[in-house]
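Q: Any chance you could fold what I've pasted below:
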Amino acid sequence: MGFRCMFKVLAVFAVTLTVTATSVAGQAKAGCQSNCGNTSIPYPFETGSTDCNISKRFFIRCNTSFNPPKAFLTTSDIEVLHISLNGYLRIQYSVGYDCYNSSGSAYYFYAGFRLSKFLISHTRNKFTAIGCDTYAYVEGFTGRTYSTGCVSFCYDVADLVNRSCSGIGCCQTALPKGVTDYELSFDSYWKHSKVLSFNPCSYGFAVEDGAYSFSVSDLSNINFSKRKFPIILDWTIGNQSCMEAKMDVDNYACKQNSDCIDPENGRGYLCKCLHGFQDINECETLKPCSGTCHNLPGSYNCSCPKGFEGDGRKKGTGCNPKVKQHFPILVGTLGIGMSLLFSLFMLLMGVFGA
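A: Down below sits the predicted model:
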């Protein structure tokens with residue numbers, strides 16, 4: 001199974017037809033779950049059966065204890081918000097913090113995670129720190145060793161400016177290219193003693209570029225430590241370049257009407273539809289099923305959960321609980337009863353006739 005792109009025609013104002021250009025496209029395997037709650041899970045990612053994804057690293061764990069269910073990256077506690085076939089996925093992760101009181105250090109959480117294959121995007125994320133007595137560092141030691149960070153100072157609330165992250169109450173810096181892990185730490189020159197009345201904590205987090213706008217009120221908000229922010233990860237298929245992958249015909253993932261492209265970040269490759277072609281995920285765009293929708297190459301089908309029957313379609317018979325049929329048992333019972341009565345009648349006739 002690989003990426004298959006189809007000619008796409010969209011109706012414009014329900015009258016004019018036009019052909020749209022494309023982005024990357026992927027088809028879910030037949031019979032595989034294509035979503036987890038509100039999150040679409042396109043191939044090469046899949047949830048449920050590991051036979052549905054291209055490799056184990058593309059397994060998405062769907063936790064149905066939430067309502068609606070939530071998707072998580074493999075077996076971790078990293079929530080997946082969105083998967084793009086353009087070679088990135090959006091996750092959600094916690095803020096790190098280092099908090100003080102009048103006696104000194106009070107509590108802290110040095111956030112971090114390690115990824116086995118996915119790369120933290122160096123073009124779509126910013127490392128961000130907020131605080132008025134804050135040195136924030138982010139480091140990595142898996143694969144590529146790196147260290148970066150920024151410094152943020154201020155002495156008075158009057159010095160702060162909303163939406164400004166230039167080093168006065170808030171600072172930002174880029175993350176290096178090709179890194180797979182992220183470990184946060186802090187330092188404070190005066191342990192926040194000079195700004196304790198309006199800023200007891202330092203905060204640090206990697207965040208999708210543009211997803212956070214500094215607010216002066218964040219410095220005094222004790223609930224800021226509970227927040228989570230989106231982070232963009234880059235993904236590719238395998239470890240081969242396009243040239244190498246095309247020579248491996250049996251495992252090459254870019255199928256009809258798609259081409260191979262080498263990524264900007266890391267090894268591997270991506271598949272991109274040719275101009276004028278696009279994958280059409282009817283499950284996502286039409287939402288035709290009242291049961292479970294399975295996206296197929298060029299089509300889709302609907303199915304009902306165990307204990308239900310019907311075609312699973314919103315405009316069909318839908319899914320209805322199966323009703324136990326007692327009628328055949330009743331007919332059988334009546335038949336046996338009538339047989340016994342007839343036999344008894346014939347026996348009595350024989351006795352009296354004799």
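
Q: residues contacting the closest residue to residue 193 other than its chain neighbours?
A: Leaving aside its chain neighbours, residue 193 sits nearest to residue 100 (7.5 Å; criterion: C-beta to C-beta, 6 or more residues apart in numbering). No exception for glycine: its C-beta is placed from N, CA and C like everyone else's. By C-beta atoms under 8 Å, 6 or more residues apart in numbering, the contact list for residue 100 reads 106, 188, 191, 192, 193, 196, 200, 201.

Q: switch the cut-off to 7 Å
A: 106, 191, 192, 196, 200 (C-beta atoms under 7 Å, 6 or more residues apart in numbering).

Q: in its sheet, what does the helix or strand harbouring it sit against?
A: If you go by DSSP states H and E, residue 100 is part of strand 96-101. Strand 96-101 has its sheet partners listed here by DSSP bridges as strand 104-109 (antiparallel), strand 201-208 (antiparallel).

Q: Tell me which of those strands sits nearest to residue 302.
A: strand 201-208 (34.4 Å; C-beta to C-beta).

Q: residues near residue 108, how many?
A: A count of nearby residues for residue 108, using other C-beta atoms under 10 Å, gives 15.

Q: quick one: it and residue 97 touch, right?
A: Yes: contact criterion C-beta atoms under 7 Å: residue 108 and residue 97 qualify, at 6.2 Å.

Q: nearest spatial neighbour of residue 236, skipping sequence neighbours?
A: Spatial nearest neighbour of residue 236, excluding adjacent residues (C-beta to C-beta, 6+ apart): residue 268 at 2.8 Å.

Q: hang on, the earlier thing: pairing partners for the residue nearest to residue 193 in the sheet, please.
A: On the basis of DSSP bridges, residue 100 is bridged to residue 105.

Q: State the distance from it to residue 252.
A: 56 Å (C-beta to C-beta, to the nearest Å).

Q: any idea which helix or strand carries the nearest residue to residue 112 once chain neighbours are set aside?
A: Among residues not flanking residue 112 along the chain, residue 183 sits closest, at 3.9 Å (C-beta to C-beta, 6+ apart). Using DSSP H and E, residue 183 sits in strand 181-187.

Q: Output the below-cut-off pLDDT ranges for the stretch 201-350 of the chain.
A: Scanning the stretch 201-350 of the chain for pLDDT under 70 picks out 278-281, 284-285, 295-299, 324-350.

Q: quick one on the thing from earlier: if I look at the residue nearest to residue 193, how far off is residue 196?
A: Taking C-beta to C-beta, one finds residue 100 at 7 Å from residue 196.

Q: now do residue 218
A: 16 Å.

Q: Which of those two has more residues huddled nearby?
A: Between residue 218 and residue 196, counted using other C-beta under 10 Å, the more crowded position is residue 218 (21 against 16).

Q: Kindly confirm my reading that the more buried one is in a helix.
A: Yes: assessed with DSSP: H, G, I helix; E, B strand; the rest coil, residue 218 lies in a helix.
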